[in-house]
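K.L.:
here you go, sequence then predicted model.
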Amino acid sequence: AHRHQSHQKSCQCQYKHFTKRSVKAVKSTTIMKIFSTSLLLALVASTSAFAPAGKPFLSAQMQTGAMPQASMVAVSRGGASKSSLNMADAAAAEPPKKTLFEKYTAAADLATNLFPVWTVLFTAIALKKPTSFDWFTTDYFTGALAALMLSMGITLTPDDFVAVAKEPKSVGVQFTLCYVMMPLLALGLGKLFKLDPALLAGMVLVGSINGGQASNLCTYIAKGNVAMSVLMTTATTIGAIFMTPTICKLLLGSVVPVNAVGIAMSTIQVVLAPIAVGMTMNKFLPNIVKAILPFAPVVGVVSTCLLVASAVAQVAQPILSAGLSLQIPVLLLHLIGGLVGYWLPKVGGFGEITSRTMAIETSMKSSAFGFLLAKLHFGDYAARVPSAVSVVWMALTGATLAVIWRGIPVKEDE
C-alpha cells in the first residue's frame, strides 16, 4: 500500500509538471502567432505610404452626374418593363471588381495609423528576451542601414536636387534646426538631468545625427510634403558626413574619446554610397528600379523593425536600469524638437504643410545610425544607450504627431 501511494504521488507530480510545460508551450505558440500577424500588418501599413493610389470607386462620368448608358436606354423605351429597368440600374450600380493590388492598398491604408504599435511591439520583445536578436550582428546592422538608404536613393534623381536649389529656404531652415538647435537642446537636457559623461555623450550624438528614414512615412501620414521630406532627409544625411563628427568633436572632445575620422568614413560607407548607387540605378536602369520599387518599402520596414529591436536588445539591461532619469530627457529631446520645428517655421511665414514636414524631420532622428556610430567609435559602452532609447521615443513621438495632424484638415491656401 505504501509503494502504491508513493507511485501515485509521483505520477501526480509528473502530470502537474507536464501540464505546466504544455500551458507554457501553448502560451509561447500564441505569442508567436500574435507577433507574426502584427509584423505582417506592419509591412502592409508601411507599404501603403508608397504604393500608388487605387482608381476611384466611381468613374469620372458618374461623378459628374452622367447617367449610365444602360439606364438611359431603359428609360427611353416607354414599353420597357419595370424589372428590366431595375436590372439595368442594379448592373450600373454594381462596383467594378478590384484587382488584388487595389485590395492590398485598401487594406494597407486602414493599418497605416497603427504605425506606433509596431515600435512598441518590437521594443517589448527586445526588452523581454534580448537573446532573440543575438544573430543580428554589427554586419547585419550595417547592412540594414545601407538597405534603408538604398531604398531612398532609388526614388531620387539629379532633378530633385535641382528643385531644392531653386527653393532652398525651407531645406536650409530645417538643416539648421537639425544641426544647431537639436545638438544644443540635447546638451542642455543632458546637463539639466545630470547625466554622467558617457550618457551625456550619447545624448549629444543623438542630437547631432541626420534625419531618419521613418520621417518620410510619418510625413505621409501627417498629410505633409513627402517629396520635401525625402529631400530634407537627403540633405541632412549628406550633411552628416561633415556635421556629425564636427559637432561631436566640438561638444564632446573633452568628455569621451571620439573618432571623428571613423564617423565620417562610416557615414560615407553606410549613407552616401547607397544613395549614390540608388540614384545611379534610377538614372541608368529605370526598368530594374521600376520592378523592385514595390518591394523597397517592405525591405525598409523589415530593416527598421530589426534595427529597433537589435539596438534595444543589445542594451536592454542598461535601458531598464537607467529608468526615468534617461527616458525623460530623450523623450523631451524629440518632443520639444518637433514642437519647435513646427512653430518656428509657422512664425517665419511657412505654410501648414511645410511646417508639419519640418517638424517631423526635426523630431525624427536616425537613431539606429547613432547607435552604430556610438558602438563603433565611442569608447564607453554606456554611450550607446541613449541612441537605443531614442530609437523607441523617436518613432513614437513622430508617429503620434503624424496621427494627430492626420485628423486636422489643411486649408487649401496652405
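P.N.:
Received the coordinates, thanks. Note that this is a predicted model, so its numbers are computed, not measured.
K.L.:
can you give me the helices in the stretch 151-300 of the chain?
P.N.:
Counting by DSSP state H, counting those that start in this stretch, the stretch 151-300 of the chain has these helices, from start to end: 158-166, 169-176, 182-192, 197-208, 214-221, 226-252, 260-267, 273-284, 286-292, 296-314.
K.L.:
of all those, which one is nearest W118?
P.N.:
W118 lies closest, by CB to CB, to one member of the helices of the stretch 151-300 of the chain: helix 296-314, at 6.5 Å. For every residue, glycine as well, the C-beta is placed using N, CA and C.
K.L.:
picking up where we left off before, so which of the helices of the stretch 151-300 of the chain is nearest G407?
P.N.:
Of all those, helix 214-221 comes closest under CB to CB, at 10.4 Å.
K.L.:
just the buried positions in the closest one, please.
P.N.:
214-221 (16 or more other CB atoms under 10 Å).
K.L.:
out of those, who's nearest M152?
P.N.:
Nearest member of the buried residues of helix 214-221 to M152, counting by CB to CB, is N216, at 7.5 Å.
K.L.:
got the contact list for the residue nearest to L156 when sequence neighbours are not counted?
P.N.:
Residue nearest to L156 in three dimensions, not counting chain neighbours: M279, with 5.2 Å by CB to CB, 6 or more residues apart in numbering. Residues in contact with M279 (CB atoms under 8 Å, 6 or more residues apart in numbering) are 153-154, 156-158.
K.L.:
could those go into CSV alongside distance to A316 and neighbour count?
P.N.:
As requested, the contacts of M279 are exported to CSV (distance: CB to CB, whole Å; neighbours: other CB atoms under 10 Å):
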residue, distance to A316, neighbour count
G153, 32, 24
I154, 34, 23
L156, 36, 19
T157, 41, 13
P158, 43, 10
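K.L.:
greatest separation within those: which pair is it?
P.N.:
Greatest spatial distance among those (CB to CB): I154 and P158, at 13.5 Å.
K.L.:
run a quick neighbour tally on L372.
P.N.:
Around L372 sit 25 other residues, with neighbours defined as other CB atoms under 10 Å.
K.L.:
ok, now T400?
P.N.:
Residues near T400, counting by other CB under 10 Å: 16.
K.L.:
can you tell me the element it falls in?
P.N.:
Using DSSP states H and E, T400 falls within helix 385-406.
K.L.:
ok now that helix, how far from the chain's centre?
P.N.:
9 Å (CA atoms, centre = their mean, to the nearest Å).
K.L.:
cool, stretch 334-352 as well?
P.N.:
Relative to its parent chain, stretch 334-352 has a centroid offset of 21 Å by CA atoms, centre = their mean.
K.L.:
what does it contact?
P.N.:
170, 173-174, 177, 181-182, 185, 354-356, 358-365, 390, 393-394, 397-398, 401, 410-411, 413-414.
K.L.:
for the helices of the stretch 151-300 of the chain, which one sits closest to M149?
P.N.:
helix 273-284 (3.8 Å).
K.L.:
list the contacts for the residue nearest to the spatial centre of the chain?
P.N.:
In the chain, the centroid-proximal residue (CA atoms, centre = their mean) is A214; its distance is 2.9 Å. Residues near A214 by CB under 8 Å, 6+ apart: 304, 364, 394-395, 398-399.
K.L.:
still on that earlier bit, could you dump the helices of the stretch 151-300 of the chain to a markdown table with mean pLDDT and distance to A126?
P.N.:
Output for those, formatted as a markdown table (pLDDT from 0 to 100; distance: least, CB to CB, whole Å):
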| stretch | mean pLDDT | distance to A126 |
| --- | --- | --- |
| helix 158-166 | 73 | 35 |
| helix 169-176 | 93 | 31 |
| helix 182-192 | 95 | 23 |
| helix 197-208 | 92 | 18 |
| helix 214-221 | 79 | 17 |
| helix 226-252 | 85 | 25 |
| helix 260-267 | 74 | 23 |
| helix 273-284 | 87 | 25 |
| helix 286-292 | 84 | 29 |
| helix 296-314 | 76 | 4 |
